[in-house]
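Asks: Have a look at this prediction, sequence included:
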Amino acid sequence: MSTLFPDTHPKMEALQIELWRAASPARKMQMLAQLNKSARLLALTGLRSQYTQAGETELRRRLAGLLLGEEIACKVYGELPNAK
């Protein structure tokens with residue numbers, strides 16, 4: 001079996017995969033929810049550093065554009081204020 005992560009020892013990767021397989025569906029959903037939360041936080045942090053003058057409302061709107069695509073985000077949340 002080839003490794004998924006080149007920076008991880010194959011035995012540790014095999015153990016991780018075994019733990020994922022043994023996890024209950026509820027635990028897998030918890031892990032997925034945490035991954036999604038982390039990804040949103042990272043994206044929002046990146047937006048904060050890119051748009052330093054933007055308020056929380058604008059940042060969340062920009063996040064919606066990243067997550068949903070601009071076309072859908074515009075339909076749901078409206079145009080971006082001061083859109084470039």
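Replies: Received, thanks.
Asks: element containing L15, please.
Replies: According to DSSP states H and E, L15 maps onto helix 10-22.
Asks: can you check L66 too?
Replies: Counting by DSSP H and E, L66 is part of helix 56-68.
Asks: Return the set of buried residues in the next helix or strand after that helix.
Replies: Downstream of helix 56-68, the next assigned helix or strand under DSSP H and E is helix 70-77. Buried residues in helix 70-77, counted by 16 or more other Cβ atoms under 10 Å: A73, C74. In this view, the C-beta of every residue, glycine as well, is placed from N, C-alpha and C.
Asks: quick one: pLDDT of the spatially most central residue of the chain?
Replies: Nearest residue to the geometric centre of the chain (Cα atoms, centre = their mean): A39, 2.3 Å. Per-residue confidence at A39 stands at 96 (pLDDT).
Asks: Could you list the buried residues of whichever helix or strand it is part of?
Replies: Assessed by DSSP H and E, A39 sits inside helix 25-50. Counting neighbours by 16+ other Cβ under 10 Å, one finds that the buried residues in helix 25-50 are L44, L47.
Asks: Can you give the distance from it to the centre of its chain?
Replies: 4 Å (Cα atoms, centre = their mean, to the nearest Å).
Asks: by contact count, what packs against that helix?
Replies: Applying 3 or more Cβ pairs under 8 Å, 6 or more residues apart in numbering; DSSP states H and E, one finds that helix 25-50 makes contact with helix 56-68.
Asks: Which elements pack onto the helix it packs on?
Replies: helix 25-50, helix 70-77.
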